[in-house]
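> Fold the following.
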Amino acid sequence: MKKTLLFLLTVIAFSCSEKTKKDKKPVKKENQTVNTSKQENSETIKLPNLFGERIDGPANFRDTISGKKLFELNDNTLVITAPEENGWPWAGLYVKVNQEELENLTILPNTSLIDERGELIGKSFDTIRFELYSDNYALVYGRTHSGNIKPSTYPESVLSNIIKEGKTKKENHIEYITNFQFEKSEHSIIDEIEEYYIYQSELVDVSPRDRISLLYKSDFLLAVIHWRNLDLPEYETKDLIRGHSITFVKEISEPEKQTIIDKKINFYGSID
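Model (predicted):
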């Protein structure tokens, strides 16, 4: 569904007024670190169809940090997130809306929230206003405390643990790639490099840029390109542009590193 939404989301985002963007749109923060204060070992990640961040709930969502309570989500609900601010990330998901709600761009209090699988995942406490939608689904989001999201379900946290365990062969990453729904790039811009990526959250950027890209050479993980920080201080990390960084996992020559960096900078610079 995500790919089919990108064009519509982009049109909607640019049609909003500057005031609406400032008041409603989560602000992109550079070089944010994923909260790993309650980090679990990657071997404990057995949630079926993980896909991404999961709620440790029930969890309340508010209009601002410690603000008005808008809605509640049940335990283990799948959400998308933006980096936290003072321990409060933006988080949300697409929920089913009826024609009246679409016309008013509003979900009223005491409404049951139904996800894209048709499952009851929460309820509204106050009026929820939304801007992004497709068909009969709207993106609702709010501020929630970082403790309401299971740390072990952030893809950056799981990947950091895998690398720390010395698992750098692609065959050891199949479960991770599958659980977080990485896609294989059909047109790698770097010779002899195989790339797998997941898209950035719409709460950060509605344009089709990657959140994480895995770069493999000869079936070994060469480097990781990431927008949020990895917990890998012992590995060399260099800044790219537009919030992206690259962490080198395998030892390679400086010219080879620079070639990868230059090509990725040119690539990100070419995206609107």
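
> Contacts only, for Asn172.
For Asn172, the contacting residues are Ile162, by CB atoms under 8 Å, 6 or more residues apart in numbering. The C-beta positions use only the backbone N, C-alpha and C, and glycine is treated the same way.

> mean confidence score for the host helix or strand of Glu156?
Assigned by DSSP states H and E, Glu156 belongs to helix 155-164. Mean pLDDT, taken over the full extent of helix 155-164, equals 97.

> do the same with stretch 111-123
On average, the pLDDT along stretch 111-123 is 96.

> Give me the buried stretch members for that stretch, please.
Across stretch 111-123, burial judged by 16 or more other CB atoms under 10 Å covers Thr111, Leu113, Ile114, Asp115, Ile121, Gly122.

> Can you name the residues in contact with that stretch?
Under the criterion CB under 8 Å, 6+ apart, residues 1, 58, 71-74, 77-78, 93-96, 107, 110, 124, 137, 140 lie in contact with stretch 111-123.

> what about it, start to end distance?
5 Å (CA to CA, to the nearest Å).

> Can you show me the helices along the protein?
Using DSSP state H, the helices of the chain run over 2-15, 18-24, 99-104, 155-164, 174-179, 254-269.

> Tell me which other helices or strands the last one touches.
When contacts are defined as 3 or more CB pairs under 8 Å, 6 or more residues apart in numbering; DSSP states H and E, helix 254-269 sits against strand 245-248.

> Partner strands of the strand it packs on, with direction?
Take DSSP bridges as the rule and strand 245-248 pairs in its sheet with strand 220-226 (antiparallel), strand 236-239 (antiparallel).

> out of the contacts of stretch 111-123, which are buried?
71-74, 77-78, 93-95, 107, 124, 137, 140.

> Out of these, which is nearest to Tyr197?
Within the buried ones among the contacts of stretch 111-123, proximity to Tyr197 (CB to CB) peaks at Leu78, which comes in at 19.0 Å.

> Tell me if I'm right that that closest one and Arg54 touch.
Yes: using CB atoms under 8 Å, Leu78 is in contact with Arg54, at 6.0 Å.

> overlap in contacts of the two?
Counting by CB under 8 Å, 6+ apart, no residue touches both Leu78 and Arg54.

> Tell me where the model's unsure across the stretch 101-250 of the chain.
Of all residues in the stretch 101-250 of the chain, none has pLDDT under 70.

> which residues touch Lys167?
Lys167 makes contacts with His173, as judged by CB under 8 Å, 6+ apart.

> hmm, back to that, counting by contacts, list what the helix holding Glu156 packs against.
helix 174-179, strand 210-217, strand 220-226.

> Now do it against strand 210-217, angle only.
Angle of helix 155-164 versus strand 210-217, following axes from the mean of the first three to the mean of the last three CA atoms, to 10 degrees, is 20 degrees.

> List the buried residues of helix 155-164.
For helix 155-164, by 16+ other CB under 10 Å, it's Pro155, Glu156, Ser157, Val158, Leu159, Ser160, Asn161, Ile162, Ile163.
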